[in-house]
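1. the sequence and its predicted three-dimensional model are supplied below.
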Amino acid sequence: MVEQLFKLTGGDDKIVEKVILDENLHYIHAIINQSDGFPEHYTNAVVYMTVIRGIVSLQLDEQDYYAYPTGTVLKIPFNTKMILNNFNPETLELILIKAPPPEELPE
């Protein structure tokens, strides 16, 4: 078998799973429930974010929050201040790709 297989967790329970962490990219799958999210942090790589379902509310740098619906793909620059939340009743599901990956692997 030449290819490698990876599996995403389904459902509605909160999860942040690091599906692929290698020298080419980091591929992260997240499911986030209403009134939950990621705390303020600075991106440690260029982040490509795909909204698979739900609506993600993002505050980037000093901008106001902005809501992005299902089907949106965002490119967020390296070292951008980011706060991510799900303010909506629908479960939020995201794919986050960091490419190139950060120098240090997350713990």
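-> Yep, it's here.
2. so the most centrally placed residue in the chain is in which element?
-> In the chain, the residue lying closest to the centroid (C-alpha atoms, centre = their mean) is Leu96, at 3.7 Å. Element membership for Leu96 (DSSP states H and E) is strand 92-98.
3. re the thing from before, mind pulling up the pLDDT for the residue nearest to the centre of the chain?
-> Listed pLDDT for Leu96 reads 98.
4. same check, this time on Pro106
-> 52.
5. distance of the residue lying closest to the residue nearest to the centre of the chain once chain neighbours are set aside from Tyr48?
-> Of all residues not flanking Leu96 in the chain, Ile28 sits nearest, at 4.2 Å (C-beta to C-beta, 6 or more residues apart in numbering). Where you see a C-beta, it was placed from the backbone N, CA and C, and this is true even at glycine. Distance of Ile28 to Tyr48, computed by C-beta to C-beta, to the nearest Å: 11 Å.
6. overlap in contacts, the two.
-> Each of Leu96, Ile97, Lys98 lies in contact with both Ile28 and Tyr48 under the rule C-beta atoms under 8 Å, 6 or more residues apart in numbering.
7. now Tyr68: how far from Ile55?
-> From Tyr68 to Ile55 the distance is 7 Å (C-beta to C-beta).
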